[in-house]
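# Here is the input, now give the coordinates:
(4 chains)
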Number of protein chains: 2
Amino acid sequence: MTDEKIKVLLCEDDENLGMLLREYLQTKGYDADLQPDGEAGYKAFTKKKYDLCVFDVMMPKKDGFALAADVRAINTEVPIIFLTAKSMKEDILQGFKLGADDYLSKPFSMEELLYRIESILRRVKGKRVKDLVAYQLGGFTFDAQKQLLTFDGVSKKLTTKESELLNLLAANANNILERNFALKTIWVDDNYFNARSMDVYITKLRKLLKEDANVGIINIHGKGYKLITPQVKEE
Amino acid sequence: MTDEKIKVLLCEDDENLGMLLREYLQTKGYDADLQPDGEAGYKAFTKKKYDLCVFDVMMPKKDGFALAADVRAINTEVPIIFLTAKSMKEDILQGFKLGADDYLSKPFSMEELLYRIESILRRVKGKRVKDLVAYQLGGFTFDAQKQLLTFDGVSKKLTTKESELLNLLAANANNILERNFALKTIWVDDNYFNARSMDVYITKLRKLLKEDANVGIINIHGKGYKLITPQVKEE
DNA sequence: CAATCCGCTTAAATAAAGTTAAGTTAAATA
DNA sequence: TATTTAACTTAACTTTATTTAAGCGGATTG
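Numbering: from 1, shown residues only, chains lettered A, B, ... in the order given. Model prediction:
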């Protein structure tokens, strides 16, 4: 019954981004450590057995590629994901693409990072990471995997964005889901237009959910949203 | 029971790239040799019976096409894959006339190369590369080797493209198969027309799969496709 | 209670994906 | 070698998904 958490080493010099990613991975059940530069990252790697690394390419003291080389010298197996700047030349990118298990060019959504981490863990370790996700929301059943919302035996196929948003809401059911968090998770950037886009999807979800009066999305002014749903007895 | 390794001749002048590829192919069970230029490549080819060649197009002393021509002079059968720099329309055509079986334009991922190698070996030489290639997809059985999709005792022979696409989808069952990855691995080039072509094949596969309501292909807007199939309990 | 900010909704615009059918090409066969 | 067939691509068009725009209404703050 020892459900060991997967240990992730995150090296990112942008503190905001780093903290955000670390927090997100933690909420997703990972044991994520954050280091602000390559040297600190290397030190951390020597002290703990990580299952996966996420390295920013551009970092002070030691860049992500050099760090990866040092890490490879003591461990040839651990998967490495690089976070690269968007304006990287193809030939340089080629190197990363081949030496890395995967790479993500900025800006990316947190969901995307998670997706890549999970697919690598699946490939490399053969672990089944995502257990089937089906939420019970009052009279609704929401299958995030299949993007299907079912009520009274009738299933409706949700679009990708609808499903991603409902998934986040459901994961925080009866708790506040912060606007900015949702935006960064799903839309990458929390700018004005994406915020408007999210508004539109909140409206859509409300329409979908109004068949059951006990389920709904309420707004917490200036903070975010809360998916209200009857508490399901857990375990 | 002599499970002879498949011999691959790799010619690539970029040492980093070459070593990476050689190592990767070796870990995947191939007997891969690396040569740094066309002349050395030719010399190596005369000394050992290779099952497949991977030639970089731009190499010192003798480029990949010249090397291929020389190789063809003594062996008209051995499959050749070219690694090309981006945007080489005419060169590519020339290469194909010389009997290239496939080509990959940089940058590519090692996965992509591996996939090409395997599908060429499957197609051209009829070798059994991967052992388990029979997927259970709900009520369907899909044998990628034989390109057979069976439902309720009735088998249907799929075309090459149908089978390749379903194979990729099945390998990533219940997870996202990225559009670009599929395009690059199956269609080589991820241009507009090939994307339309892939659409057509998605439609075909959906028709084929609709006999079982629990199986289907859903689109992840802007990212790719996901083959939905009942989870099979793993041990 | 005004001014402002934030959120809601509907509609229009754009972009991505889906469908069907008509071309092409190349392999099979007659 | 001509004819037919199958596989695949290209084209034209339809539908769906997502974003942008615009106006309205409620909430918060001074």
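
# Tell me the confidence at A:V200?
pLDDT for A:V200: 98.

# How far does the helix ranked longest in chain A sit from its chain's centre?
Assignment by DSSP state H gives helix A:192-209 as the longest helix of chain A. Helix A:192-209 has its C-alpha centroid displaced from the chain centroid by 20 Å (Cα atoms, centre = their mean, to the nearest Å).

# now do stretch A:107-121
For stretch A:107-121, the distance to the chain centre is 6 Å (Cα atoms, centre = their mean).

# now do stretch A:72-85
With Cα atoms, centre = their mean, you get 19 Å for stretch A:72-85.

# got the buried residues for it?
Buried residues in stretch A:72-85, defined by neighbour count with 16 or more other Cβ atoms under 10 Å in any protein chain shown: A:78-84. Every residue, glycine included, has its C-beta placed from N, CA and C.

# before we move on, the earlier item: could you check whether the longest helix of chain A is close to DNA strand D?
Yes: where contact is defined by Cβ under 7 Å from any atom of the strand, part of helix A:192-209 touches DNA strand D, namely A:193-194, A:196-197, A:199-201.

# Is it possible to get a markdown table of the buried residues of stretch A:72-85 that adds secondary structure, distance to B:I117 and pLDDT?
Below are these laid out as a markdown table (DSSP: H, G, I helix; E, B strand; the rest coil; distance: Cβ to Cβ, whole Å; pLDDT from 0 to 100):
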| residue | secondary structure | distance to B:I117 | pLDDT |
| --- | --- | --- | --- |
| A:V78 | coil | 26 | 91 |
| A:P79 | coil | 22 | 92 |
| A:I80 | strand | 24 | 92 |
| A:I81 | strand | 25 | 93 |
| A:F82 | strand | 25 | 91 |
| A:L83 | strand | 29 | 91 |
| A:T84 | strand | 27 | 85 |
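
# Output those residues as a markdown table; include the columns distance to chain B.
Output for the buried residues of stretch A:72-85, formatted as a markdown table (distance: Cβ to the nearest Cβ, whole Å):
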| residue | distance to chain B |
| --- | --- |
| A:V78 | 15 |
| A:P79 | 13 |
| A:I80 | 13 |
| A:I81 | 13 |
| A:F82 | 13 |
| A:L83 | 17 |
| A:T84 | 12 |
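
# Can you pull the residues of chain A lying near DNA strand C?
A:179, A:195-196, A:199-200, A:202-203, A:206, A:219, A:221-224.

# 10 Å instead, please
Within reach of DNA strand C by Cβ under 10 Å from any atom of the strand, chain A has these residues: A:160, A:178-180, A:192, A:195-207, A:210, A:217-225.

# Restricted to buried residues, select those residues in ChimeraX.
To isolate the buried members of the residues of chain A next to DNA strand C in ChimeraX, using 16+ other Cβ under 10 Å:
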select /A:160,179,198,201,202,204,205,217,224,225
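
# Burial check on A:S155, number of neighbours?
13 (other Cβ atoms under 10 Å in any protein chain shown).

# Okay, and it sits in which element?
strand A:154-157 (DSSP states H and E).

# List the buried residues for the very next helix or strand once past that strand?
Downstream of strand A:154-157, the first helix or strand assigned by DSSP H and E is helix A:160-171. Neighbour-count burial for helix A:160-171 flags A:160-170 (criterion: 16+ other Cβ under 10 Å).

# and if you look at stretch A:19-37?
Those would be A:20-22, A:24-25, A:28, A:30, A:32-37, for stretch A:19-37 by 16+ other Cβ under 10 Å.

# same check, this time on stretch A:4-11
A:6-11.

# contact partners of it?
Here stretch A:4-11 makes contact (Cβ atoms under 8 Å, 6 or more residues apart in numbering or on different chains) with A:18, A:21-22, A:25, A:29-38, A:40-41, A:44-45, A:48-56, A:59, A:64, A:67, A:117, A:121.

# and that stretch, what's its mean pLDDT?
In the prediction, stretch A:4-11 has an average pLDDT of 94.

# Stretch A:182-195 now?
95.

# cool, and stretch A:110-128?
84.
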